[in-house]
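**Q** here is the input, now give the coordinates:
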Amino acid sequence: MAAKVVNVESIGSCFESLTDPRHQRNRKHLLGDVTVSAVCCEPFLIRRQSFAAN
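**A** Down below sits the predicted model:
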């Protein structure tokens, strides 16, 4: 699978309209930052788990 370079800001802009359901005192990180981290890290974690299973 070839890696594709994507601008992180463009990923974040997709989630700008989301409302943050977390309580105010539990917001250590911005929702957009958490979402972008999850989107960017998921493919790496899936690939890592598949190597561990073999």
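
**Q** any idea which element the residue nearest to the spatial centre of the chain lies in?
**A** Nearest to the mean C-alpha position of the chain, by C-alpha atoms, centre = their mean, lies Ala38 at 2.3 Å. Here Ala38 sits within helix 31-53, counting by DSSP states H and E.

**Q** so for that helix, mean pLDDT?
**A** If you average the pLDDT over helix 31-53, you get 70.

**Q** start at 33 instead
**A** Taking 33 as the first residue, the last one we looked at is helix 63-85.

**Q** contacting residues for the residue nearest to the centre of the chain?
**A** By C-beta atoms under 8 Å, 6 or more residues apart in numbering, the contact set of Ala70 is empty. C-beta coordinates here come from the backbone N, C-alpha and C atoms, glycine included.

**Q** from Asp52, how far out is it?
**A** Note on Ala70: its distance to Asp52, by C-beta to C-beta, to the nearest Å, is 14 Å.

**Q** same deal with Val40?
**A** 19 Å.

**Q** go on, Asp65?
**A** 11 Å.

**Q** check Val66 too.
**A** In terms of C-beta to C-beta, Val66 sits 9 Å off from Asp52.

**Q** these two: which has the busier surroundings?
**A** Val66 (15 against 12; other C-beta atoms under 10 Å).
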